[in-house]
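1. Compute the structure for the input listed below.
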Amino acid sequence: MSEPKSANSKPEDKNGDNYTNAFIGVFADILFILLPLLVIALVSIHKCSTLWNFLSSPEISFAAAIMIGQTIVKFVSGVSVYGANIWERIAVMVAAMIVIFLVPTLIVLALIMTSVAPAPWLVWTQLIYFILSVLLFATLGSIGSSLIKEKGI
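-> From the prediction side, this is the model:
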């Protein structure tokens, strides 16, 4: 006969734990992607450069492109453990990530790299895509990682 659970014990929520652990792992990935940007920012400060010069550097678009690529890999890896039943939906999501996020980010990267002084709208576009890439990686990357952990792979 099993003992009754105390009033303080919580039911086990393995899926919630998987998602939390996956989010923590993805957050660690984000920190490592942001680390080179921190170094570049510190060097810019040391060289008495302006914040605008740092924000208009192509490294921000480069980091965004890396995060979008990592998002695609983590998400596809996670949903692939469930077989081919939903492959059409996954294909649409991957195509949308490439068309809506990755390609524009790479275009902005190319435009900033070829500009002597990037236009303000280009810098703001770069920053928006960077923020979106962090959010996309945090959500879809966590989902993909938690699906992998859920299957025990």
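2. Could you look up the SS state of Ile72?
-> Under DSSP: H, G, I helix; E, B strand; the rest coil, Ile72 falls in the helix class.
3. That one: how many residues sit nearby?
-> Residues lying near Ile72 (other Cβ atoms under 10 Å) number 21. C-beta coordinates here come from the backbone N, C-alpha and C atoms, glycine included.
4. and what of Gln126?
-> Gln126 is flanked by 26 other residues according to other Cβ under 10 Å.
5. Please enumerate residues in contact with the host helix or strand of it?
-> Here Gln126 sits within helix 120-136, counting by DSSP states H and E. With contact meaning Cβ atoms under 8 Å, 6 or more residues apart in numbering, helix 120-136 is reached by 30, 52, 55-56, 60-61, 63-65, 67-68, 71, 97, 101, 104-105, 108-109, 111-112, 115, 118.
6. So which of these are in strands?
-> Among those, no residue falls in strands (DSSP state E).
7. List buried residues within the residues you listed.
-> Neighbour counting with 16 or more other Cβ atoms under 10 Å marks 30, 55-56, 60-61, 63-65, 67-68, 71, 97, 101, 104-105, 108-109, 111-112, 118 as buried within the contacts of helix 120-136.
8. give me every residue that touches the spatially most central residue of the chain.
-> By Cα atoms, centre = their mean, the chain has its centre lying nearest to Phe137, at 2.2 Å. Residues in contact with Phe137 (Cβ under 8 Å, 6+ apart) are 26, 29-30, 67-68, 70-71, 74.
9. Now stretch 42-58: buried residues?
-> 44, 54-58.
10. ok, back up a step: could you dump the helix holding Gln126 to PDB, C-alpha only?
-> C-alpha atoms of helix 120-136 as PDB (Å, rounded to 0.1, in the frame of the first residue of the first chain):
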ATOM      1  CA  PRO A 120      19.300  54.600 -39.600                       C
ATOM      2  CA  TRP A 121      16.400  52.500 -40.900                       C
ATOM      3  CA  LEU A 122      18.800  49.800 -41.700                       C
ATOM      4  CA  VAL A 123      20.300  49.800 -38.200                       C
ATOM      5  CA  TRP A 124      16.800  49.800 -36.600                       C
ATOM      6  CA  THR A 125      15.800  46.900 -38.900                       C
ATOM      7  CA  GLN A 126      18.900  45.000 -37.800                       C
ATOM      8  CA  LEU A 127      18.100  45.600 -34.100                       C
ATOM      9  CA  ILE A 128      14.400  44.500 -34.600                       C
ATOM     10  CA  TYR A 129      15.500  41.300 -36.300                       C
ATOM     11  CA  PHE A 130      18.100  40.600 -33.600                       C
ATOM     12  CA  ILE A 131      15.400  41.000 -30.900                       C
ATOM     13  CA  LEU A 132      13.000  38.800 -32.900                       C
ATOM     14  CA  SER A 133      15.700  36.100 -33.400                       C
ATOM     15  CA  VAL A 134      16.400  36.000 -29.600                       C
ATOM     16  CA  LEU A 135      12.600  35.600 -28.900                       C
ATOM     17  CA  LEU A 136      12.200  33.000 -31.700                       C
END
